[in-house]
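Undergrad: Next come a sequence and a model predicted from it.
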Amino acid sequence: VIRIRFDRPIGPGFPAYELEACLASFVEAELRFAGQFFKEEGVMDYIAYRKNGVLPGASSDAHNDVSEDQQQQQQQQHSRDTKQDVLLVSRVAATLEALCRAEFAGTMRGGEADAKLQGLLDGGVDFRFVSPPESSGFGGGSTITVAVDFRPALDVEDRISDRVDGRIQSLRKVMAEMDKKLLQKLPAVERQGNEDRHPCTLLARVVSGLDWQRGLSRITGREGHDRVRCMTCRFLNDDCSTDVPRAQDVRHALKRLPSFVFTTKLVLGREDRGGRSWEARVTSLLEGIAGTRGGECFIYASTDVGDRLHLMLYSQPEWLSAAADRICTYAQGGQSAPLLSSMVGLGRVAKGLQVIDPPVGAARKIEAVSSVWSLLDYFLGDDGLVENSSGCDADRAMESTTGPAPGIAPTGKRLRWATGGSERVKAAPAPVRSTPVLPKDYEAARSLFRAYCAFEELRDFVDF
């Protein structure tokens, strides 16, 4: 009985019986691969594989029909780690050697040892779950407990123990010269000898030493990994099993985030006091900022008795910084405003505005939204965020013909004005709670979204 711990979750809803069958198939495929080096031409196959990366039997594939297992193995050749395979072959050799002398050691009867030896060469092994997979508690990983045993073959080759023993000795001499440095990486208990080890103990050592992360990646990447539920897949817009180290880095970074949505505050003043209201004056500007690609955001606006405009911007960190920078660029005020930007587009609307807080050169205060759902409910809950079972392509088609689709924020809903207007003595409180974050944490979040985030529109980020 062995326990295998994965540093990432297997996935909710994955049937235990299906997972058991997939992992058993992976174990059998690995044993069949190693068993080929103990066949008649196994030593030559091993030398060719170690020198040129040629899989056993590849030279004759052009003249003979290739089985599905061989085709699949050849397609996965690039994913194999030759260093890991050296350790696998060494452990399988120790197990086969123990089976060859099992009759003389008194651990098995002769016929029983030969049948199990033949079964191991053919990749036969009994692999079953002792208990269902469970959370390991180590960073959201999973742990499985399995029982392994030999599966005796029904058709046994004559004098198989003598023949395999001779092949093992020949292969060991080759490995001693070609893989001396790699074999030194084996644990000391394996290098000291296995004469007193039971064959079942050595089989468990072989199974526990397999490249289980690669096996799990193959399973989840091809046979049932739910890319819709997996937030890492959706964040990357790619199957997380295609690049496991990258997916693990992204998953761990996402877990360390204080929130997916951040907020910052800007206070604006204007030169044309006493004219139109702030809402009439800057609505088109703010809606344009909120809907600009690469800086889409939600904006909560309120005014105070001093005729100042208080803006709370909400978005993912990279877009939030872009939106705040864009507002500050437009709202230069006075003679410092760029000539072209003050003549056309949003720059013309922003002419005469100036940023009061934060002062020029001062860092913005960034906070993390405590409840993202409350924020979405505030901006989209009235008539925007309703259940919609259609796909994203259908949503876009609907939006292009009849306006924004249900469940997606139209541009107008991204801007909300506080009630009370200019009658307020001070700005309205923020619609949702937020907590301050350190600048280094915010920059780390920006780097994560800048490097890996695949969302190009706010509608996709809202769905995430």
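TA: Cool, got the structure.

Undergrad: Would you map the helices across the stretch 251-400 of the chain?
TA: Secondary structure of the stretch 251-400 of the chain (DSSP state H, counting those that start in this stretch): helices located at 278-290, 317-330, 345-349, 372-380, 392-402.

Undergrad: Go ahead and name everything in contact with the second one.
TA: Contact with helix 317-330 is made by 262-264, 266, 268, 285, 289-290, 292, 294-297, 311, 313-315, 341, 346-347, 350, 353, 355, 364, 366, 442, 445-446, 449-450, 453, 458, as judged by C-beta atoms under 8 Å, 6 or more residues apart in numbering. Glycine gets a C-beta too; all of them are placed from N, C-alpha and C.

Undergrad: now stretch 112-126, how far from the centre of its chain.
TA: 37 Å (C-alpha atoms, centre = their mean, to the nearest Å).

Undergrad: Sort out which residues of it are buried, please.
TA: For stretch 112-126, burial by neighbour count (16 or more other C-beta atoms under 10 Å) applies to 113, 114, 115, 116, 117, 118, 119, 120, 121, 123, 124, 125.

Undergrad: now swap in stretch 260-279 and tell me
TA: Across stretch 260-279, burial judged by 16+ other C-beta under 10 Å covers 260, 261, 262, 263, 264, 265, 266, 267, 268, 269, 270, 278.

Undergrad: Out of those, give me the two with the largest separation.
TA: Maximum pairwise distance in the buried residues of stretch 260-279, criterion C-beta to C-beta, is 33.4 Å, between 260 and 270.

Undergrad: list the buried ones in the longest strand seen in the chain?
TA: As assigned by DSSP state E, the longest strand anywhere in the chain is strand 125-135. Buried residues in strand 125-135, counted by 16+ other C-beta under 10 Å: 125, 127, 129, 133.

Undergrad: Surely the third one and residue 16 touch.
TA: What it means is residue 129. Yes. Residue 129 is in contact with residue 16 according to C-beta atoms under 8 Å; the separation is 6.3 Å.

Undergrad: Sort out which of the contacts of helix 317-330 are buried, if you could.
TA: Neighbour-count burial (16+ other C-beta under 10 Å) applied to the contacts of helix 317-330 gives 262-264, 266, 268, 285, 289-290, 295-297, 311, 313-315, 341, 346-347, 350, 353, 355, 364, 366, 442, 445-446, 449, 453, 458.

Undergrad: Which of those residues fall in strands?
TA: 262, 263, 264, 266, 268, 311, 313, 314, 315, 353, 355, 366.

Undergrad: Where does confidence bottom out across those?
TA: Least confident entry in these, by pLDDT: residue 353, with 87.

Undergrad: Can you identify each of the helices in the stretch 51-200 of the chain by residue range?
TA: Along the stretch 51-200 of the chain, counting by DSSP H, counting those that start in this stretch, helices occupy 68-75, 82-100, 102-105, 110-121, 160-178, 180-183, 188-191, 199-208.

Undergrad: Tell me which of the ones you listed lies nearest to residue 374.
TA: helix 199-208 (46.9 Å).

Undergrad: Give the buried residues for the closest one.
TA: Result for helix 199-208 [16+ other C-beta under 10 Å]: buried residues 199, 200, 202, 203, 204, 205, 206, 207.

Undergrad: quick one: that helix to strand 125-135, angle?
TA: 50 degrees (axes from the mean of the first three to the mean of the last three C-alpha atoms, to 10 degrees).

Undergrad: how about helix 199-208 as PDB, C-alpha atoms only?
TA: Only the C-alpha atoms of helix 199-208 are listed here, as PDB (Å, rounded to 0.1, in the frame of the first residue of the first chain):
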ATOM      1  CA  PRO A 199       9.500  -8.500  -4.600                       C
ATOM      2  CA  CYS A 200       6.200  -6.800  -3.600                       C
ATOM      3  CA  THR A 201       8.200  -4.200  -1.700                       C
ATOM      4  CA  LEU A 202      10.300  -3.500  -4.800                       C
ATOM      5  CA  LEU A 203       7.200  -3.300  -7.000                       C
ATOM      6  CA  ALA A 204       5.800  -0.600  -4.700                       C
ATOM      7  CA  ARG A 205       9.100   1.200  -5.000                       C
ATOM      8  CA  VAL A 206       8.800   1.100  -8.800                       C
ATOM      9  CA  VAL A 207       5.200   2.400  -8.800                       C
ATOM     10  CA  SER A 208       5.800   5.200  -6.200                       C
END
